[in-house]
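Asks: Fold the following for me, if possible:
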Amino acid sequence: MPEGGELRTVDWDELRSSRDREALREALKAALRARERVRLRGSKRSLDDVKRLGDLARLVLGEMEENGEISFELDERGAIKAVYVRTGPERRDGR
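Replies: All right, here's what the predicted structure looks like:
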């Protein structure tokens, strides 16, 4: 949370172009919490909500793949066959 306890609202397009992993993760958590509240009320999720969750997940996983934290094994059709997660502290970018 920003200093002084103030929250900053981020525009959807701004968030999608963001490279701030923490902002992406927080947005993903907030979207999942909102989805759960809707589901608990018995309402159906809108297609737009599902698309946004997919976009956020794609951004987070893309960032993780770029940093060497996760890798994917694809089959001949390009579908994900296996996911490998790096468990050690060493990453490709040296952090």
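
Asks: doesn't A82 fall inside a strand?
Replies: Yes - assigned with DSSP: H, G, I helix; E, B strand; the rest coil, A82 falls within a strand.

Asks: That one reaches F72, doesn't it?
Replies: Yes - using C-beta atoms under 8 Å, A82 makes contact with F72 at a distance of 7.3 Å. The way it works is simple: take the backbone N, C-alpha and C, and place the C-beta from them, glycine included.

Asks: Between these two, which is the more surrounded one?
Replies: F72 (12 against 9; other C-beta atoms under 10 Å).

Asks: quick one: secondary structure of the more buried one?
Replies: For F72, the assignment made with three-state DSSP gives strand.

Asks: what sits opposite it in the beta ladder?
Replies: F72 forms beta bridges with V83, as assigned by DSSP bridges.

Asks: Confirm for me that it is in contact with V83.
Replies: Yes - using C-beta under 8 Å, F72 is in contact with V83, at 5.8 Å.

Asks: quick one: low-confidence parts of the chain?
Replies: 1-19, 37-46, 88-95 (pLDDT under 70).
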